[in-house]
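**Q** test case, fold it:
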Amino acid sequence: MRKIAIIGAGSIVFCKTLILDIMATKDLEDTEFVLMAPSTSKTTQVKAFADKVIAHNGLKSKVSITTDRREALRDANYVITSFQIGGVDLFEKDYKIPLSYGVDQCIGDTLGPGGVFRALRSIPVILDVARDMEELCPDATLLNYVNPMAMVCWALGETKIKYVGLCHGVQTTLDLISGYVGVPKHEIDYVSAGINHMGWFTKLTHKGQDLYPILREKFEEPEFYVNEKVRGEVFRHFGYFMTESTGHLSEYVPWFRSSQEALDLYCDEPSFGGESGAYYKWCMHVADKYKERDVLSDETAELPPRSVEYCAYIIEALETGRTFKFSGNLRNNGMISNLPEDCCAEGLVFADRNGLHRTVNGELPPQCAALNMTNINVQRLTVLAAKTGDPETVVQAIALDPLTSCVLTLKQIRDMVTEMLIAQKEYLPQFEGRLPRPTPTIHIPANVQRADVPIDPALAVYSRFGELAK
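**A** Numbers count the residues shown, from 1 in each chain. Predicted coordinates:
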């Protein structure tokens, strides 16, 4: 019986989805699930539901729960990670502290101050998981769902374990594209490559016909454009459609949340269409609604069809050799030639009995790679900060964030980072006793006497031109 350890199994609905997908896969019926979370308050509910499904469908699967991560990982064949360090309480600080400084986030889990601090909390934990896997289940494959995906998987790329980061942006965006161009999703041939939450569809064809002319025409029509204004606007100016929705994408670039005028024009749709704090508010709503209620108690015991999540299909391919292709997040290592070798890239991956195999995509269009690099620069410094506990590196990472840098000064960024580090210190032990150095504003008196120093060459040239003009 294969063993699958789910680390972060207190994420009830998502954990349920993955378990049902695996149970619904005939070749994976004989599976032992070990659900691990810091407490059993939620995993008890998941186990009770899973046991009901197993009994109703006559499955061979087994489910157990534990609060001991090492117990869960011991001799596991597969590890699924889906934890959120600090939960909704820390998410509130990720959203509200930056907002008080003028940084307005919609989602706040991938880039920006929220994404950076989520990574600072998550990377040490995922590296502990990796170290435990190297000892307790060195042949296991880790399937990661923890966000921020690119930063977490960048850190995993520096370990020895087998892993892949999984998202559903590509497959759900294909649903949207299918509706826009009027072609069934399964008939669209495509290539998607880039980074997580900013992958580019460099090819979209149907029976050899390029679908991009149709898509471009649709996005000039208000009734189509209104559904995805931010993604549509980037598409119109950069030439390629990408994998993330308006609410997400509006945070990764500097043009849509930098002023009230921009927010009113591009981010006026409710919820994930651009609303301030949409993801935080949704998480709060769900947490409050099910605080005292078993969300799974009334769920049917019938096995539904498999969801769009890749997890079960990948495990099936690794177990049976039945090849499965998907968009995965791995250390680049040449997958995309004009992105850094050590970054986390998202591209086409094949799974079979021999493991996970990245494909060589070649170069992205230069403008697409350049936009990816604005995010990769932040990712690189964030991973470094998470590992070293250097608060100056956190300041520098957030100073390079496209959204933050277009609304705050360097001094304001430093003050915001300091406040966030203090507010979250319980979950950031690597920064214990360390804060960004104070860098107060230098006030210049009106009658200041300038120091006798060499003049800047550019000013010297300007001054000489002035003399000649006289």
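**Q** report the buried residues of stretch 296-306.
**A** Buried residues in stretch 296-306, defined by neighbour count with 16 or more other Cβ atoms under 10 Å: 296, 306. Placement of C-beta: from N, CA and C, glycine included.
**Q** let me fix that: stretch 260-268
**A** By 16+ other Cβ under 10 Å, the buried positions in stretch 260-268 come out as 262-263, 266-267.
**Q** again, but for stretch 204-220
**A** Neighbour-count burial for stretch 204-220 [16+ other Cβ under 10 Å]: 204, 206, 211-212, 214-215, 218-219.
**Q** mark which of those residues are part of helices, please.
**A** The helices, defined by DSSP state H, take in 212, 214-215, 218 from the buried residues of stretch 204-220.
**Q** what's the spacing between R380 and A397?
**A** Distance of R380 to A397, given as Cβ to Cβ, to the nearest Å: 8 Å.
**Q** among the two, which residue is more densely surrounded?
**A** A397 (29 against 19; other Cβ atoms under 10 Å).
**Q** and that one, its phi and psi?
**A** Main-chain dihedrals, A397, degrees, to the nearest 10: phi -60, psi -50.
**Q** K62 now?
**A** phi -130, psi 150.
**Q** looking at it now. What's its pLDDT?
**A** For K62, the pLDDT comes out at 96.
**Q** likewise for T246?
**A** Here the pLDDT value assigned to T246 is 91.
**Q** return the residues in contact with it.
**A** Contact partners of T246, counting by Cβ atoms under 8 Å, 6 or more residues apart in numbering, are 228-231, 266-267, 269, 272-274.
**Q** kindly reformat those as CSV containing pLDDT.
**A** As requested, those are arranged in CSV below (pLDDT from 0 to 100):
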residue, pLDDT
E228, 93
K229, 95
V230, 96
R231, 95
Y266, 95
C267, 94
E269, 90
F272, 89
G273, 90
G274, 92
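**Q** from the residues you listed, which single one is nearest V407?
**A** Closest approach between the contacts of T246 and V407, by Cβ to Cβ: C267, at 13.8 Å.
**Q** ok, the closest one touching F256?
**A** Yes: contact criterion Cβ atoms under 8 Å: C267 and F256 qualify, at 5.9 Å.
**Q** name the residues contacting each of these two.
**A** By Cβ under 8 Å, 6+ apart, the residues touching both C267 and F256 are 230, 250, 274.
**Q** tell me which of the residues you listed is nearest to C137?
**A** S250 (39.9 Å).
**Q** quickly find the element holding that closest one.
**A** helix 246-252 (DSSP states H and E).
**Q** ok, so what distance separates L166 from L18?
**A** 10 Å.
**Q** cool, W154 as well?
**A** Distance of W154 to L18, computed by Cβ to Cβ: 23 Å.
**Q** check M416 too.
**A** Going from M416 to L18 by Cβ to Cβ gives 36 Å.
**Q** now M36
**A** Separation of M36 from L18 (Cβ to Cβ): 14 Å.
**Q** what sits in contact with each of the two?
**A** Common contact partners of M36 and L18 (Cβ under 8 Å, 6+ apart): I6.
**Q** strands of the stretch 251-400 of the chain, start to end?
**A** With strands called from DSSP state E, counting those that start in this stretch, the stretch 251-400 of the chain shows them at 324-331, 344-352, 355-358.
**Q** from H197, how far off is M149?
**A** 7 Å.
**Q** same check on P213?
**A** 26 Å.
**Q** which secondary structure element contains P38?
**A** Applying DSSP H and E, one finds P38 in no helix or strand.
**Q** report the contact partners of the closest residue to it other than its chain neighbours.
**A** Of all residues not flanking P38 in the chain, T67 sits nearest, at 6.1 Å (Cβ to Cβ, 6 or more residues apart in numbering). Residues near T67 by Cβ under 8 Å, 6+ apart: 36-40.
**Q** pLDDT value on T67, please?
**A** Here the pLDDT value assigned to T67 is 96.
**Q** L330 now?
**A** According to the prediction, L330 has pLDDT 98.
**Q** check what pLDDT D452 gets.
**A** 88.
**Q** wait, a helix at it?
**A** No: according to DSSP: H, G, I helix; E, B strand; the rest coil, D452 belongs to no helix; its state is coil.
**Q** just give me the neighbour total for it.
**A** The number of residues packed near D452 is 5, by other Cβ under 10 Å.
**Q** now do P270
**A** So P270, with other Cβ under 10 Å, has 9 neighbours.
**Q** which one is it nearest to, not counting chain neighbours?
**A** P270's closest residue in space is A278 (Cβ to Cβ, 6+ apart), at 7.8 Å.
**Q** could you double-check that F324 lies in contact with E316?
**A** Yes: F324 is within contact range of E316, at 6.9 Å (criterion: Cβ under 8 Å).
**Q** so which of these two has more stuff around it?
**A** The neighbour count for F324 versus E316, taken as other Cβ under 10 Å, is higher for E316 (20 against 17).
**Q** pLDDT value on the residue nearest to the more buried one when sequence neighbours are not counted, please?
**A** Sequence neighbours aside, T25 is the residue nearest to E316 in space, at 5.2 Å (criterion: Cβ to Cβ, 6+ apart). What the model reports as pLDDT for T25 is 95.
**Q** shift numbering so it begins at 49
**A** All right, first residue 49 from here; so that's T73.
**Q** what is the neighbour count of E77?
**A** When neighbours are counted by other Cβ under 10 Å, E77 comes out with 16.
**Q** same deal with I490?
**A** The burial count for I490: 6, using other Cβ under 10 Å.
**Q** which positions within the longest helix anywhere in the chain qualify as buried?
**A** Secondary structure assigned by DSSP H gives helix 160-184 as the longest helix of the chain. Across helix 160-184, burial judged by 16+ other Cβ under 10 Å covers 160-175, 177-178, 180-181, 184.
**Q** what's the answer for stretch 271-282, then?
**A** 273, 275-282.
**Q** can you pick out the most distant pair from the residues you listed?
**A** The widest separation within the buried residues of stretch 271-282 (Cβ to Cβ) is 14.2 Å, between N275 and V282.
**Q** what about E480, neighbour count?
**A** E480 has 8 neighbours, counted by other Cβ under 10 Å.
**Q** wait, I meant F289
**A** So F289, with other Cβ under 10 Å, has 26 neighbours.
**Q** correct me, but it touches W248?
**A** Yes: taking Cβ under 8 Å as the definition, F289 is a contact partner of W248 at 7.5 Å.
**Q** give me the residue ranges of the protein where confidence is low.
**A** Across the chain, the ranges flagged by pLDDT under 70 are 507-508, 510-518.
**Q** cutoff 50 now
**A** For the chain, applying pLDDT under 50 flags no range at all.
**Q** thinking again about what came up before, and which of the buried residues of stretch 252-268 is nearest G403?
**A** L252 (29.2 Å).
**Q** residues contacting that closest one?
**A** Neighbours of L252 in contact, by Cβ under 8 Å, 6+ apart: 225, 229, 236-238, 258-260, 263, 289.
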